[in-house]
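Visitor: Return a 3D structure for these sequence lines:
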Amino acid sequence: MQPIETDRLILRRFEMRDAPGLLAYLKEPAVSCFFSMRLADLAAAEEEVKKRAESDSEIAVCLRDTGELIGDLFAVREGDDTYTLGWNFNKAFSGAGFATEAARALFAHLFTKEGARRLYAYVEDTNLPSQRLCERLGMRQEGLFIEYISFMNDEAGNPIFENTMQYAILRKEWESKAGL
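Guide: Numbers count the residues shown, from 1 in each chain. Model prediction:
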């Protein structure tokens, strides 16, 4: 993947220097869907970065001025023209609009350079920041899957199922909102 630059960010492939930044937000993931990605230490973060660096679908989000990793995006192609998307950002950088800026740049890239027709994301119904992000990006809620997935178990070892929302946007909707 060629780097994508915005006013404040660079979206690029993962590099080994990203391991400390990745550990910073995956040592204690804030959202249940990332619990399985929990990293114990810097060595685990380095191994994870090596895996991510091999894929164009895993995107490091870095501050343009310092190169510091502050989060990541993923965009996995499904079929010819559809991508499933997601994001995970360090809580220390929340509230500054970085996730919105990064996701908008990725949307523009996927729609204009990769020929995407449709983008969609799954969001737990308890993850209000991601729901608001989807809405800021012009995505619409398409559905609510009741007791769709489990990321953890209760004290007795039984799965705790979560409700999951699906948000999506079509290229023609994005073009209309972008005034293209």
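Visitor: What is the least confident helix or strand in this protein?
Guide: For the chain, using mean pLDDT, DSSP states H and E, the weakest element among its helices and strands is strand 140-153, scoring a mean of 79.
Visitor: Give the next helix or strand downstream of that one.
Guide: Per DSSP states H and E, strand 140-153 leads on to strand 159-170 as the next helix or strand towards the C-terminus.
Visitor: what lines up beside that next one in the sheet?
Guide: For strand 159-170, the pairing partners within the sheet under DSSP bridges are strand 118-124 (antiparallel), strand 140-153 (antiparallel).
Visitor: which of these is buried the deepest?
Guide: Per residue and on average, the most neighbours among the strands paired with strand 159-170 fall to strand 118-124, with a mean of 20 (mean count of other C-beta atoms under 10 Å). Yep, even glycine has a C-beta here, placed from its N, CA and C like the rest.
Visitor: Centre of the chain to that one, how far?
Guide: Between the centre of strand 118-124 and the centre of its host chain there is 10 Å, according to C-alpha atoms, centre = their mean, to the nearest Å.
Visitor: And for stretch 139-149?
Guide: Averaged over its C-alpha atoms, stretch 139-149 has a centre that lies 17 Å from its chain's centre (C-alpha atoms, centre = their mean).
Visitor: Could you do stretch 19-26 as well?
Guide: From the chain centre to the centre of stretch 19-26 is a distance of 15 Å (C-alpha atoms, centre = their mean).
Visitor: quick one: the longest helix along the chain to strand 118-124, angle?
Guide: If each helix of the chain is counted by residues according to DSSP state H, the longest one is helix 98-112. Orientation check (axes from the mean of the first three to the mean of the last three C-alpha atoms, to 10 degrees): helix 98-112 against strand 118-124 gives 150 degrees.
Visitor: Outside of helix 98-112 itself, list whatever touches it.
Guide: Judged by C-beta atoms under 8 Å, 6 or more residues apart in numbering, the contacts made with helix 98-112 from elsewhere in the structure are 4, 6-9, 11, 59, 61, 70-71, 73, 75, 83, 85, 87, 89, 116, 119, 133, 136-137, 169, 171, 174-175, 178.
Visitor: Give me the buried entries from those residues.
Guide: Buried positions within the contacts of helix 98-112, assessed by neighbour count (16 or more other C-beta atoms under 10 Å), are 4, 6, 9, 11, 59, 61, 70-71, 73, 75, 83, 85, 87, 89, 116, 119, 133, 137, 169, 171, 174.
Visitor: Many thanks, I have nothing further to ask.
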